[in-house]
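Chemist: what shape does this take:
(2 chains)
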Amino acid sequence: MARRLGLALATCLFLGFGAAAEAQPQAVKPPANDDCLACHGDPDAKRENGTSIGLDDKVFAASTHGPLACVDCHKDLATLQEFPHPEKLAKVACATCHDDEGAKYHDSIHSWAKEKAGLTAAAPACADCHGKHDIRGRDDATARVFRANIPATCGACHTGVLDQYKTGIHATTRAVGNDKAPVCIDCHTAHDIRRTDTDASRLGVTAQCGTCHAESMRTYRDTFHGQVTRLGFVQVATCADCHGAHDIFPKADARSMVSASNRVTTCRKCHADANDNFAQYDPHADRHDKARSASLYYTGKFMDGLLMTVFGLFGIHTALWLARGLRERGRAKK
Amino acid sequence: MATYRRFDAANRVLHGFLMLSFLGLSATGLPLLFGTSRWAAALAGLLGGIEFAGRLHRLSATVLMLVFLVHLTRVLKQLLLDRDLGVLWGPYSMIPQPRDVVQMVGHFKWFLGLGDRPRFGRYTYWEKFDYWAVFWGMGIIGFSGLLLWFPTVFATLMPGWFFNIALLVHGEEALLAVVFIFTVHFFNTHMRPEKFPMDPVIFTGRLTEHELRDERPDEYDQLAANGGLAAIEVGPSPSWVVPSARIFAAAVVSAGFVVVILIILTLVQGRG
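Modeler: Okay, here's the model as predicted:
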């Protein structure tokens, strides 16, 4: 083993000297992947502290970055002339290529926690969700960011949320094959994740619910909560305030926040003095749906009739008056 | 030419507050009804965002309810303390009477060239309609508005589905009121050819002798017969009143016209 390490070191040193011998500033030849693998291909090669520096080149070759050179990401090694290189390398800047995602991540709560709040170990950077040398595209079923794998990837840190999510209707309907049902990123986005109490997040998540629950969104928009949130005021109920976020259940389920037994408690989150009567208010009432609410349906019809009668009669009254008045005026001028 | 008093100062001031609060309520309420259109969002933005617009809406509603209460008090005082039964019947009453129906039919005949113009008195049938429309509106919009303002209080008295009805009628009735005022009321008072571009009477409180005799011959004849004309004769308005009223009314009428066009366009395109 010692002989192999020695050989690897010798190769690295040779390469380093070779580069130095050519000594033309622009023409430094960066190490090829095979050069790196001379050391890193050895599963037993270790850092000073005993951790492995080994890398399975088959895993890397199969990754979505397989065609890239090591120095494409580890840029500081492209111009380094002395090998073995120092243990501490510059951070890989994924945003060099993935600039859109980088910009979104930069504004996210994850980035804020890492860069500003000092949660350096806890908060994720790119590799924590996407992997490093084994990185795979989201269409690859083995990728950590493959749709079906997202809950597990986020749940690696957000364990409590994952437990809640697993019980909810979105996860259980996914389990029986409804791939449209949301995973974490559908509501929270992948890179631009915000605190859920910000206006932008509350509006964004609400809009997301509507992409599948179109009918509920339509009726929500017809009632006060939906009317004012549409105009940007979000200190009133949005979907998640009444239905929950991760452990959403159908209203027939006793665990649901909008089940008959829980509804008053849910209303009281905002309307502290709400009673049983109050909780009978239908936040998704539909004036066109006779079966859902006959009283509202017939009130709507009455109002339509009233408006048409008033405007019809006064429309005629005004039109006739205008015509006669103009004739009178014409006559007066003559 | 002589000038006569039609509206006293209190009624002009009350109408002023009625008008301002109505405009405030319309501007702050319409964005909710038409939230999908850009003009509604822009209007809410102009009013300082929808949260502030909501406060303006409740403030305007309070002003309007006070106007309504003051008016009711004045009418009741006239009836009960002054024992003036003219409030209930006769030419000075706002109560619809048989002659209003006769005059309405007569007015339609005149429109069509089938008869002479009815001899209108102090309050015409369309003025009474406007007046009672406000009462109806105060009852329906005002009450449903209070329900929506204090839902937990009213929920101790009424079932939850009542609030669904309240929200629907509040919006629909408001739409009726806004479009009615901005079209029919503005036409009947200002835009009709005899008055175009405006009738300043609600600001000045004054009619010319010519206007009183031609437009309200029944009232004029009675006043001339019982010698009441002298009692209501007043001097002309201060010189600034009519020009200011013209500018103000022109602004409000134009704004109302634009809003009605936007509402109609939005309704034609589909509100949802």
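Chemist: before we move on, which element is the nearest residue to B:Leu88 once chain neighbours are set aside in?
Modeler: Excluding its sequence neighbours, the residue lying closest to B:Leu88 (C-beta to C-beta, 6 or more residues apart in numbering or on different chains) is B:Ile95, at 6.1 Å. C-beta: built from backbone N, CA, C; applies to glycine. Assigned by DSSP states H and E, B:Ile95 belongs to neither a helix nor a strand.
Chemist: same deal with the one 10 residues further on?
Modeler: Assigned by DSSP H and E, B:Val105 falls within helix B:98-111.
Chemist: now do that helix: which elements does it pack against?
Modeler: On a contact count with 3 or more C-beta pairs under 8 Å, 6 or more residues apart in numbering or on different chains; DSSP states H and E, helix B:98-111 meets helix A:294-333, helix B:125-137.
Chemist: list the buried residues of it.
Modeler: By neighbour count, with 16 or more other C-beta atoms under 10 Å in any protein chain shown as the criterion, the buried positions of helix B:98-111 are B:99-100, B:103-104, B:106-108, B:110-111.
Chemist: just send those residues back as JSON lines, with pLDDT too.
Modeler: As requested, these are arranged in JSON lines below (pLDDT from 0 to 100):
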{"residue": "B:Arg99", "pLDDT": "96"}
{"residue": "B:Asp100", "pLDDT": "97"}
{"residue": "B:Gln103", "pLDDT": "97"}
{"residue": "B:Met104", "pLDDT": "97"}
{"residue": "B:Gly106", "pLDDT": "97"}
{"residue": "B:His107", "pLDDT": "96"}
{"residue": "B:Phe108", "pLDDT": "97"}
{"residue": "B:Trp110", "pLDDT": "96"}
{"residue": "B:Phe111", "pLDDT": "95"}
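Chemist: could I get those as a markdown table with distance to A:Ile135?
Modeler: A markdown table is the format used below for the buried residues of helix B:98-111 (distance: C-beta to C-beta, whole Å):
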| residue | distance to A:Ile135 |
| --- | --- |
| B:Arg99 | 89 |
| B:Asp100 | 84 |
| B:Gln103 | 86 |
| B:Met104 | 82 |
| B:Gly106 | 88 |
| B:His107 | 83 |
| B:Phe108 | 82 |
| B:Trp110 | 86 |
| B:Phe111 | 81 |
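Chemist: and the nearest residue to A:Pro283 once chain neighbours are set aside, what's its pLDDT?
Modeler: Distance criterion C-beta to C-beta, 6+ apart; nearest residue to A:Pro283, sequence neighbours excluded, is A:Thr223 at 5.5 Å. Per-residue pLDDT puts A:Thr223 at 91.
Chemist: ok, now A:Gly160?
Modeler: Per the predicted model, pLDDT is 96 at A:Gly160.
Chemist: what's the helix or strand for it?
Modeler: helix A:159-167.
Chemist: by contact count, what packs against that helix?
Modeler: Counting contacts by 3+ C-beta pairs under 8 Å, 6+ apart, the secondary-structure elements packed against helix A:159-167 are helix A:150-155.
Chemist: what about the helix it packs on, average pLDDT?
Modeler: 96.
Chemist: check contacts around the residue nearest to A:Pro283.
Modeler: Residues counted as contacts of A:Thr223 (C-beta atoms under 8 Å, 6 or more residues apart in numbering or on different chains) are A:282-285, B:164, B:167.
Chemist: next step: the residues you listed restricted to helices.
Modeler: Assigned to helices by DSSP state H, the following of the contacts of A:Thr223 qualify: B:164, B:167.
Chemist: which two among the contacts of A:Thr223 are spaced furthest apart?
Modeler: The widest separation within these, taken as C-beta to C-beta, falls between A:His284 and B:Leu167 and amounts to 12.2 Å.
Chemist: and residue 145, its phi and psi?
Modeler: Let's take chain A. Comment: the main-chain dihedrals of A:Val145 come out as phi -100, psi 10, following degrees, to the nearest 10.
Chemist: one more: B:Thr208?
Modeler: Dihedral pair for B:Thr208: phi -80, psi 160, per degrees, to the nearest 10.
Chemist: for B:Ala40, same thing?
Modeler: Comment: the main-chain dihedrals of B:Ala40 come out as phi -70, psi -40, following degrees, to the nearest 10.
Chemist: contacts only, for it.
Modeler: A:231, B:30-34, B:266.
Chemist: dump these into a markdown table; add pLDDT as well.
Modeler: Formatted as a markdown table, the entries for these read as follows, by pLDDT from 0 to 100:
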| residue | pLDDT |
| --- | --- |
| A:Leu231 | 90 |
| B:Leu30 | 93 |
| B:Pro31 | 92 |
| B:Leu32 | 92 |
| B:Leu33 | 91 |
| B:Phe34 | 90 |
| B:Thr266 | 89 |
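Chemist: just the ones of these in helices?
Modeler: Under the assignment DSSP H, the contacts of B:Ala40 contribute B:30-33, B:266 to helices.
Chemist: out of those, who's nearest A:Thr167?
Modeler: The shortest gap between A:Thr167 and any of those belongs to B:Leu32, at 36.8 Å (C-beta to C-beta).
Chemist: can you count the residues close to that closest one?
Modeler: Burial of B:Leu32 is recorded as 23 neighbouring residues (other C-beta atoms under 10 Å in any protein chain shown).
Chemist: with the one 10 residues further on instead?
Modeler: Using other C-beta under 10 Å, the number of residues around B:Ala42 comes to 11.
Chemist: buried sites along the helix or strand hosting it?
Modeler: B:Ala42 belongs to helix B:38-46 when assigned by DSSP H and E. Judged by neighbour count using 16+ other C-beta under 10 Å, the buried positions of helix B:38-46 are B:39-41, B:43-44.
Chemist: want to throw those into a markdown table with distance to B:Glu172?
Modeler: Formatted as a markdown table, the entries for the buried residues of helix B:38-46 read as follows, by distance: C-beta to C-beta, whole Å:
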| residue | distance to B:Glu172 |
| --- | --- |
| B:Trp39 | 20 |
| B:Ala40 | 16 |
| B:Ala41 | 21 |
| B:Leu43 | 19 |
| B:Ala44 | 20 |
